[in-house]
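S.K.: Everything below, folded, please.
(chains A and B)
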Amino acid sequence: MSPNPRLDPRLPEGPIATAWQRCRESLPLLSPNRKQGLRILVVGSGLAGASAAACLAEQGYRVQVLTYHDSPRRAHSVAAQGGINAARNYANDGDSVERLFRDTVKGGDFRAREAGCHRLAEISGSIIDQCVAQGVPFAREYGGTLANRSFGGALVSRTFYARGQTGQQLLYGAYQAMLRQVAAGRVELLCRRDMLDLIVHDGVARGVVCRHQLTGALEVLSADAVLLATGGYSNVFYLSTNALKSNATAIWQAHRRGACFANPCFTQIHPTCIPSGDLHQSKLTLMSESLRNDGRIWLPLRPGDDRPPAAIPAAERDYFLERQYPSYGNLVPRDLASRRARELCLEGRGVGPGGRSVYLDLAEAIARDGPEAIEARYGNLLEMYERITGDDPRTTPMRIYPAPHYTMGGLWVDYHLMSTVPGLFVLGEANFSEHGANRLGASALMQALADGYFIAPATVTGWLAERASGGPLPADHPACREALAAVGARLEALRRVGGSQPVDVFHRSLGHLMIDACGISRRPDRLTAAVDELEALREKFLQEVGIPQEDGLLDGELTKALRLEDFFGLADLMLRDALAREESCGAHFREDHQTPAGEAQRDDERFAHIAAWEHRPGATPIRHSEPLVFRSITPGPRSYG
Amino acid sequence: MGTLSLTLRIWRQDGPGEPGGFEVFGLDAVSTDLSLLEALDLLNERLIAAGDRPVGFEHDCREGICGSCGFLVNGQAQGPQRATSVCQLYLRQFRDGAVLTLEPFRARAFPVLQDLAVERSAFDRIIAAGGYCSTNIGSAPEANALLIGREQAAQAFDTAACIGCGACVASCRNASASLFVAAKLAHLGQLPQGQPERRHRARVMQAQMVSEGFGSCSSHLECEATCPKQVSADWISWMHRESWRRA
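M.R.: From the prediction side, this is the model:
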């Protein structure tokens, strides 16, 4: 571990409660006519990207938005189901900014910055105001006020929701705000482009190289600031709840150009997903955590009990989360629910094909509240489950199993959301964020929109105001030519391999390796072996992959091969990070660091820090660290008993 | 877990504006637990291993919410299952030995890109014309200052649920985007936030729909029958009343 002079988090001094306000007021401003002359490039059109693009364009900047989708509305934020947290205390159950702040820090197992978590809790209420003003149809009480529900890891009801499609509705709000700026001529949409490299000149991010999927043309886009809002990397596990095209290429290429990567091993496995079956199954579908409000999770007490669930009397059922965590019960945080389910399945107590699932049972809630109430709350989820599995969850318990869902790790950013490459800002799931070692439910949407609507617009302006703009680089600038040539060489190398194996064959193997070695539970010997296995797999990929002469226009093999090559690089970093962090915290569970009761054992002496990895071409990466200082909350055991 | 065999007649077209035709593929003993798109993945792996061009189709989330996927299955946009996009269509819905004809959405405003994929950016241009509330970020009042009845919010949600897949256009004999446009107008037009621009929005979005080359509604209601999010065609009537309201 060595210090890195660029790893200055620029945390505000003084009392935490007013820190963000003081920071904002100290940031320099730009006049409207100067903003009109500045160009900002936003990569990604999900919640963080679309909200930032809309807001920056409203301020007067010229904004270009890059997305690999045909339309910005397809971004994977659209699939978020459950809700968005905000400390509004509308339920009058004692919620406050302070409590949301504390829940976030504790939920992340004391591996996030206090100042960032506090800011997130402060902004949360304004996000709801903004979304309502845009026309987001949140659920309402009969009197017309906003409705709330509770979510995992919290004892208060602070989650705002729009049936089971909250992400969709929030995304459409941001998308529509952004398209309003397209109509105003301040946002230019560049669809069907993959960002393949970051252009850095004099140590400052100045643009990107992208490839147009339909024409195959490589394009250079230069700007005064570059914002990456490209989401997470759960697809390193192949099967995950992420959309199939979700990938890590933008953040990985930025990492290769100098942006430190923070806590790559902090990946979240979501407890309530539809289990996998056939080899050719392409994804794992999430069943919203909100189901845990009304659903009880159980397994038969007797291993191998293969009676249909309805035939198993209550006395012969083990409601294992309620048994192990009496106060939170089925609402324990995601990592605990996932780990307990996996352990019992490994003990042979699981149900369904291969014993790889547990029951999530709505029967009691249906008997208590009536089928109509449950249908109103979860209707679309129940239909989705029925379509995928062929079983009706209204009459038989759902079968669920944990699946990779969210990545807390990401590019390191300071308090201003700027990476270690000046001029490169990282927003939403793509940064390593405020979720520490574990994200609480309904906090991803909150963070993405806090970054996009409120934080980045202030800090990007602050950064631009402090430097003299040289204007965009000309396309024939040496830095642009170098990046363009590097991308061209990479494409050529992949085309030249000349094997005959489809990309997905290798991606499946990578997924098996990563979920086994670096999934819910991690062991040092397994991680060490996996580093070598990964390298062997990567070599095999680079010798045997076959890009057809005549490739598909959409989602072609070349596009998939580029993404997979970057997943290989990131997978290696995840393994190294999981090995180096010799403690258990949040979603990072090391079997050699647990309490006698099987709970995660943190090591605050040695690991109360953020790990930030620096890329070195052709050499092993260097692990830097940023110490975490807790002034408002004393780190304690993360108990949900 | 059962298996079945399928014959797939798939429209192949190399690029926009090029001639196309059907090509026939057989899939033997595939699991009924696969989705139709996973069956296409399987077919594509075989094509790629043989050095051939994979079948092009749009997809992403594979859980029926992103709106990327969509093509005709035996003439039906988004396939035969009610309220279901093709990514959520599982092979257990088909009989062993079934012949499935897969072809792209056909509409002037949705040019074919390759095989089963069409370009639907016309929808974005319709939204850009006026499908929003013109409110700047940072200027919003306290959320609960605006009371919205539970039923009203639920109805707004029902229309806001549209995923922009284009099945309504593909199923319409006039290739009309009326359901898509009506859904957005009704989402915003039913809420207090959407009132200030309500008439303007109805006018400019419908004008954009016409200029993109979509047809008009002649009340065949195929759109409602095929919509994976079950947006009701009653909203088209509602949209037409919006036009009279203007006059």
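
S.K.: Residue A:314 - how many residues pack around it?
M.R.: 8 (other C-beta atoms under 10 Å in any protein chain shown). For every residue, glycine as well, the C-beta is placed using N, CA and C.

S.K.: That one and chain B, how far apart?
M.R.: 30 Å (C-beta to the nearest C-beta, to the nearest Å).

S.K.: Give me the secondary structure label for the most centrally placed residue in chain B.
M.R.: Geometric centre of chain B, nearest residue: residue B:165, 2.1 Å, by C-alpha atoms, centre = their mean. The three-state assignment at residue B:165 reads coil, by DSSP: H, G, I helix; E, B strand; the rest coil.

S.K.: Please name the spatially closest residue to residue 143 (chain neighbours excluded).
M.R.: Chain wasn't specified; assuming chain A. residue B:147 (6.9 Å; C-beta to C-beta, 6 or more residues apart in numbering or on different chains).

S.K.: hmm, I had chain B in mind actually
M.R.: residue A:132 (4.3 Å).

S.K.: which SSE is that neighbour in?
M.R.: Taking DSSP states H and E as the definition, residue A:132 sits inside helix A:114-134.

S.K.: Enumerate the residues of the stretch 501-641 of chain A near chain B.
M.R.: Neighbours of chain B within the stretch 501-641 of chain A, by C-beta under 8 Å from any C-beta of the partner chain: A:501-502, A:504-505, A:546, A:548-557.

S.K.: try it again with 6 Å
M.R.: A:502, A:548, A:550, A:552, A:553, A:554, A:557 (C-beta under 6 Å from any C-beta of the partner chain).

S.K.: do the same with the stretch 201-350 of chain A
M.R.: So the stretch 201-350 of chain A meets chain B at A:243, A:244, A:245, A:277, A:278, A:280, A:282, A:283, A:285 (C-beta under 6 Å from any C-beta).

S.K.: again, only this time at 7 Å
M.R.: A:214, A:243, A:244, A:245, A:277, A:278, A:280, A:281, A:282, A:283, A:285 (C-beta under 7 Å from any C-beta of the partner chain).

S.K.: Just the buried residues of the residues you listed.
M.R.: A:214, A:243, A:244, A:245, A:277, A:278, A:280, A:281, A:282, A:283, A:285 (16 or more other C-beta atoms under 10 Å in any protein chain shown).

S.K.: Tell me which of these has the lowest pLDDT.
M.R.: For those, the weakest pLDDT value sits at residue A:277, with 74.

S.K.: Near the closest residue to it other than its chain neighbours, how many other residues are there?
M.R.: Nearest-residue entry for residue A:277: residue B:33, 5.0 Å, with adjacent residues in sequence omitted and distances by C-beta to C-beta, 6+ apart. The number of residues packed near residue B:33 is 20, by other C-beta under 10 Å.

S.K.: just the one 5 residues further on next, same as before
M.R.: With neighbours defined by other C-beta under 10 Å, the count for residue B:38 comes to 23.

S.K.: Ok, residue A:370 next?
M.R.: Neighbours of residue A:370 (other C-beta under 10 Å): 11.

S.K.: for chain A, longest helix please?
M.R.: Assignment by DSSP state H gives helix A:557-580 as the longest helix of chain A.

S.K.: helix or strand right after that helix?
M.R.: helix A:604-607.

S.K.: which other residues reach that next one?
M.R.: Helix A:604-607 is contacted from outside by A:581, A:583, A:635, using C-beta atoms under 7 Å, 6 or more residues apart in numbering or on different chains.

S.K.: what's the closest of those to chain B?
M.R.: residue A:581 (31.7 Å; C-beta to the nearest C-beta).
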